[in-house]
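Colleague: structural data only, the sequence is not supplied:
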């Protein structure tokens, strides 16, 4: 249902939004904002949705600009939808916040690096959302809108370490579109450990380097043990690699974790139990 292209766009730009850049470091106000946003993503990636909700309330009272705030809210609703919780209403709320962010961004005449990152993020997540809905044409249109702003970022004179991520996105995925197999490694040299999810999906979906992908998956499930999406990805890799005994043990532990999880509701539990069961069934059709 979801192409590697759109997964990669969303993942990398989520990182671009959540990783503070060097250009922000000199401003105390920006430092405070970065701490709040980093705390929000920490809760989100650990599936602590109640804490993430509370953090959004705090952020909304912090004086953060409305464009970034709308993107933060969109991210919260998106991850809730991915977790299986009230999927339709969360998708609608995500879309509403993205449209608000895009509307405000288009009115904003100040196109500094942070403004460009916000609108790139909005269009790329909008592309991901439309792809999730099955609207391929709308997804492609929003992707190319984000590409236009990525090009603006490349020509921006401000120095920000997140530009490495955006440049990597542009070079990798534009090349991928053209060749469907083009692989460039140099863009990854400046990636931090927090980018393992993006690298894992590249290793899995495009490069087919499953051992390397599994290393990144294990890092993520160790760092964020409550994130069931990361656990699902590790199970999928074990099955894909034919490591059946390890997969069986992981599946047993994973289902126990889901059933005993206090940080998600019963609908989310059923969602991940179904996904993991179907994954195991599909790898053993007999």
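Modeller: Arrived safely. Note that this is a predicted model, so its numbers are computed, not measured. Numbering: from 1, shown residues only.
Colleague: what bits of the stretch 151-286 of the chain have low per-residue confidence?
Modeller: 153-195, 285-286 (pLDDT under 70).
Colleague: what do you get if the cut-off is 80, keeping everything else the same?
Modeller: Within the stretch 151-286 of the chain, the stretches with pLDDT under 80 are 151-199, 201-203, 205-207, 284-286.
Colleague: for it, what spans make up the helices?
Modeller: 162-179, 196-201, 210-223, 228-240, 244-260, 266-283 (DSSP state H, counting those that start in this stretch).
Colleague: out of these, the one nearest residue 83 is which?
Modeller: Across the helices of the stretch 151-286 of the chain, residue 83 has its closest neighbour in helix 266-283 (4.9 Å, Cβ to Cβ). (Glycine included, C-beta is placed from N, CA and C.)
Colleague: count the neighbours of the residue nearest to residue 86 when sequence neighbours are not counted for me.
Modeller: Distances taken as Cβ to Cβ, 6 or more residues apart in numbering place residue 80 nearest to residue 86, at 7.0 Å, with adjacent residues excluded. Residues lying near residue 80 (other Cβ atoms under 10 Å) number 23.
Colleague: tilt between the strand or helix carrying residue 80 and helix 228-240?
Modeller: According to DSSP states H and E, residue 80 maps onto helix 66-82. Here helix 66-82 runs at an angle of 50 degrees relative to helix 228-240 (axes from the mean of the first three to the mean of the last three Cα atoms, to 10 degrees).
Colleague: buried ones in helix 66-82?
Modeller: 67-82 (16 or more other Cβ atoms under 10 Å).
Colleague: which element is residue 131 on?
Modeller: helix 113-133.
Colleague: please enumerate residues in contact with the helix or strand following the helix holding residue 80?
Modeller: Using DSSP H and E, the helix or strand that follows helix 66-82 towards the C-terminus is helix 87-107. If you take Cβ atoms under 8 Å, 6 or more residues apart in numbering as the criterion, helix 87-107 is touched by 66-67, 70-71, 73-74, 77-78, 80-81, 115, 118-119, 122-123, 125-126, 129, 132-133.
Colleague: also stretch 238-246?
Modeller: Residues from elsewhere that reach stretch 238-246 (Cβ under 8 Å, 6+ apart): 204, 210-211, 214, 247, 250, 279-280, 283.
Colleague: from those residues, list the buried ones, please.
Modeller: Buried among those by 16+ other Cβ under 10 Å: 204, 210, 214, 247, 250, 279-280.
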